[in-house]
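S.K.: Build me a model from this:
(one chain, ligands or ions: 2)
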Amino acid sequence: MANRSALINVMVGAVQKAAKGLVRDFGEVEQLQVSKKGPADFVSTADKKAERTLMKELQRVRPKFGLLMEEGGEIPGADTSNRWLVDPLDGTTNFLHGIPHFCISVALERDGEPFAGVVYEPVGDQLFWAEKGAGAYLNGRRLRVSARRHMDEGLFATGIPFKGVRDHPAFLAELEGVMAVSAGVRRFGSAALDLAYVAAGRYDGYWETGLSPWDIAAGIVLVREAGGFVTTLDGTDKMLKTGSILAANDNLHTPLRKVLHDAHRKGAPNKGA
Ligand code: 2AM
Ligand code: CA
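M.R.: Ligands and ions are numbered 1, 2, ... in the order given. Down below sits the predicted model:
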């Protein structure tokens, strides 16, 4: 059984408290699917409520830390080296459609670097957590990225651009490149869980662009602590700044990057990376 630090314990406490309300609201959203008004407003309220719970709990236990939250934006803290990055509901579209694949993601950024992360998928009670130097875990079990070595046995996750956001031809070129050489591509709709699944060795790799720091910070710690590699699509470490991410096991990070790079050269200009 893993020894959780005091830091991870306070993160888990806040996340589990917020998750209770989220799960209750998810039960209701399933009922609302048939109503005329639709559940969109209800979901946005649930999302904000969860964020308030997280904010209150995190401020209570670490009053000096700053926060950067998906809904509420930035609250600077007296301690300028520690900041929480909070996504109260990652996988919002799934939640809205009654699909039980969503999570809460909370990361601690220390001196500009992701330092600790908790990704909690409440419907399946999957608690992913990691702290720099201490390893990555699913509930009490230590995580390790997959050992697959060849692209043709690899299962990869991605995110598909929506509502005209991002460069569609560039994404289609990426998809064409990866689907031609891999065992499959998945699009489940939660960046934080995609990264947690890479850490758990379920996916062999994941790439997406156009993301925000709160979508990926916790997942970055998880993948690194599970022995995987994380960069932007063009190989830098500026994931939080650019919103571009390529995470994979240690064998397949370079081959996946090469496939995406070649796809851009052949297909479309790389505006996403
Ligand atoms: P969300 O559910 O918190 O919005 C899926 O491709 C990923 O993209 C999810 O992690 C999702 O986070 C994020 N996402 C969805 N809609 C988005 C939007 N309008 N802008 C930025 N990110 C979005
Ligand atoms: Ca998100």
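S.K.: For whichever residue of the stretch 51-200 of the chain sits closest to ligand 2, list the residues it contacts.
M.R.: Distances between the stretch 51-200 of the chain and ligand 2 by CB to the ion are smallest at residue 90, namely 3.8 Å. (Glycine included, C-beta is placed from N, CA and C.) Contacts for residue 90 (CB atoms under 8 Å, 6 or more residues apart in numbering) come out as 102, 103, 104, 105, 119, 190, 191, 192, 193, 214, 215.
S.K.: Quick check: phi and psi on it?
M.R.: phi -100, psi 130 (degrees, to the nearest 10).
S.K.: Tell me the bridge partners for it.
M.R.: Under DSSP bridges, the beta-bridge partners of residue 90 are residue 103.
S.K.: one step back: reformat the contacts of residue 90 as CSV; add neighbour count, pLDDT and secondary structure.
M.R.: Below are the contacts of residue 90 laid out as CSV (neighbours: other CB atoms under 10 Å; pLDDT from 0 to 100; DSSP: H, G, I helix; E, B strand; the rest coil):
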residue, neighbour count, pLDDT, secondary structure
102, 23, 98, coil
103, 31, 98, strand
104, 28, 98, strand
105, 31, 98, strand
119, 31, 99, strand
190, 27, 98, coil
191, 29, 98, helix
192, 31, 98, helix
193, 28, 99, helix
214, 25, 98, helix
215, 26, 98, helix
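S.K.: re the thing from before, how confident is the prediction for the residue of the stretch 51-200 of the chain closest to ligand 2, by pLDDT?
M.R.: Looking at residue 90, its pLDDT is 98.
S.K.: Also residue 2?
M.R.: pLDDT for residue 2: 80.
S.K.: one step back: among the contacts of residue 90, which one sits closest to ligand 1?
M.R.: For the contacts of residue 90, the residue nearest ligand 1 by CB to the nearest ligand atom is residue 191; the value is 3.3 Å.
S.K.: Just give the closest residue to the closest one, not the sequence neighbours.
M.R.: residue 215 (4.2 Å; CB to CB, 6 or more residues apart in numbering).
S.K.: residue ranges with poor pLDDT in the stretch 151-273 of the chain?
M.R.: Residues of the stretch 151-273 of the chain meeting the criterion pLDDT under 70: 268-273.
S.K.: which bits of it sit near ligand 1?
M.R.: Proximity of the stretch 151-273 of the chain to ligand 1 is confined to 159, 189, 190, 191, 208, 212, 215 under the rule CB under 6 Å from any ligand atom.
S.K.: let's go with 5 Å and repeat that
M.R.: Counting by CB under 5 Å from any ligand atom, the positions of the stretch 151-273 of the chain adjacent to ligand 1 are 159, 191, 215.
S.K.: May I ask you to confirm that residue 202 belongs to a helix?
M.R.: No. Using DSSP: H, G, I helix; E, B strand; the rest coil, the assignment for residue 202 is coil, not a helix.
S.K.: For it, give me its contacts.
M.R.: Counted by CB under 8 Å, 6+ apart, residue 202 has contacts 146, 155.
S.K.: Quick check: residues of the stretch 51-200 of the chain near ligand 2?
M.R.: 87, 90 (CB under 5 Å from the ion).
S.K.: This structure - how does it break down into domains?
M.R.: 6-142, 151-266 (automatic domain parsing).
S.K.: So which of these has the densest surroundings on average?
M.R.: domain 151-266 (a mean of 21; mean count of other CB atoms under 10 Å).
S.K.: what about that one, distance to the chain center?
M.R.: 11 Å (CA atoms, centre = their mean, to the nearest Å).
S.K.: mind checking the end-to-end distance for it?
M.R.: 19 Å (CA to CA, to the nearest Å).
S.K.: could we number from 6 for the rest of this?
M.R.: In the new count, where the first residue is 6, that last one comes out as domain 156-271.
S.K.: Alpha carbons of stretch 13-31, as CSV, please.
M.R.: Once non-C-alpha atoms are left out, stretch 13-31 reads as follows in CSV (Å, rounded to 0.1, in the frame of the first residue of the first chain):
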residue,chain,number,x,y,z
ILE,A,13,-1.6,14.4,-1.5
ASN,A,14,-4.0,13.8,1.4
VAL,A,15,-5.2,17.4,1.4
MET,A,16,-5.7,17.2,-2.4
VAL,A,17,-7.6,13.9,-2.2
GLY,A,18,-9.8,15.3,0.7
ALA,A,19,-10.8,18.3,-1.4
VAL,A,20,-11.4,16.3,-4.5
GLN,A,21,-13.5,13.6,-2.8
LYS,A,22,-15.7,16.2,-1.1
ALA,A,23,-16.4,17.9,-4.5
ALA,A,24,-17.0,14.6,-6.1
LYS,A,25,-19.9,13.8,-3.9
GLY,A,26,-21.9,16.7,-5.2
LEU,A,27,-20.8,16.0,-8.8
VAL,A,28,-22.0,12.4,-8.6
ARG,A,29,-25.4,13.4,-7.2
ASP,A,30,-25.7,15.9,-10.0
PHE,A,31,-24.7,13.3,-12.6
